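K.L.:
Dropping the sequence and predicted coords here.
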Amino acid sequence: MFAETSYDALSMDDIAQHAGVAKGLVYYYFKSKRGYYLAIVEDSVAQLVARATGEPELPGAERLRRTVDGYLHYAEHHRAAYRTIVTGGVGSDAEVLAIRDAVREELLAAIAEGAYGRRAVPPLARLALVGWLSGVEGATLDWTGSPGADAGDGGRPDRSALAGLLVRQLRATFTVIEELVPECPAPPAGPEEASRTPDDHGNPVPVT
């Protein structure tokens, strides 16, 4: 409902009616419309983190690929929630921005753990990963706002193509980090990543 109606125009009466409960019950649990809104954002963030950071038992390269794909899967299927998380919500709400910053830190830690086996990295390495993640957010916002589900004239690339692009960019970021921060060597590429390269539309094809 928040995705389809402006925050100010949506009332607690509307919310209660849509949920099929008394308005007093909504107030009992969430105190106010703002409390309800923040609860939705926090729940959306939890779903995004769970989708992106699942399966920690996988080998590093596979885990990184799954992290990127899980992130894009959430953004693709929860576009309004994703945009709220990344852009900071209504009027760049300070509390929503704080929630956004927390999810960014969790995602950075997951990437670092998958690559280096530890969640904390030196400041310069962290800044490089922050730069990559900022690019991911920008690309994902543009991708989820593009028409068409398939690569081609006027359409958007499919999720696997974008994931392949972002993973290759992450691989390049790891290489730069290794050059500047030798104590953070680039992790080895997985077999699938090492044997595939994108075609003209960004779709991965085997290297012959």
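P.N.:
Yep, it's here.

K.L.:
Read off the pLDDT value for Thr197.
P.N.:
On pLDDT, Thr197 comes in at 47.

K.L.:
for the one 5 residues further on, same thing?
P.N.:
Note for Gly202: predicted pLDDT of 48.

K.L.:
same thing with Gly135?
P.N.:
For Gly135, the model assigns a pLDDT of 95.

K.L.:
could you say what helices and strands the helix or strand containing it packs with?
P.N.:
Applying DSSP states H and E as the criterion places Gly135 in helix 123-144. Applying 3 or more CB pairs under 8 Å, 6 or more residues apart in numbering; DSSP states H and E, we find helix 123-144 packed against helix 60-77, helix 79-87, helix 94-116, helix 159-180. Quick note: C-beta positions are derived from backbone N, CA and C, even for glycine.

K.L.:
Compile the ones you listed into TSV and extend it with columns for mean neighbour count, mean pLDDT and distance to Leu127.
P.N.:
TSV is the format used below for those (neighbours: other CB atoms under 10 Å; pLDDT from 0 to 100; distance: least, CB to CB, whole Å):
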stretch	mean neighbour count	mean pLDDT	distance to Leu127
helix 60-77	20	88	19
helix 79-87	19	85	19
helix 94-116	17	89	10
helix 159-180	18	95	10
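
K.L.:
Which among those helices is found nearest to Ala3?
P.N.:
helix 79-87 (3.1 Å; CB to CB).

K.L.:
quick one, what contacts the residue nearest the centre of the chain?
P.N.:
Nearest to the centroid of the C-alpha atoms of the chain, with distances taken as CA atoms, centre = their mean, sits Tyr71, at 4.1 Å. By CB atoms under 8 Å, 6 or more residues apart in numbering, the residues touching Tyr71 are 48, 51-52, 107, 136, 140.

K.L.:
before we move on, the earlier item: can you redo the helices and strands packed on helix 123-144 as a markdown table with distance to Asp8?
P.N.:
Output for the helices and strands packed on helix 123-144, formatted as a markdown table (distance: least, CB to CB, whole Å):
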| stretch | distance to Asp8 |
| --- | --- |
| helix 60-77 | 26 |
| helix 79-87 | 15 |
| helix 94-116 | 15 |
| helix 159-180 | 34 |
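
K.L.:
ok, now how distant is Arg79 from Thr87?
P.N.:
According to CB to CB, to the nearest Å, Arg79 stands 12 Å off from Thr87.

K.L.:
Alright, calling it a day.
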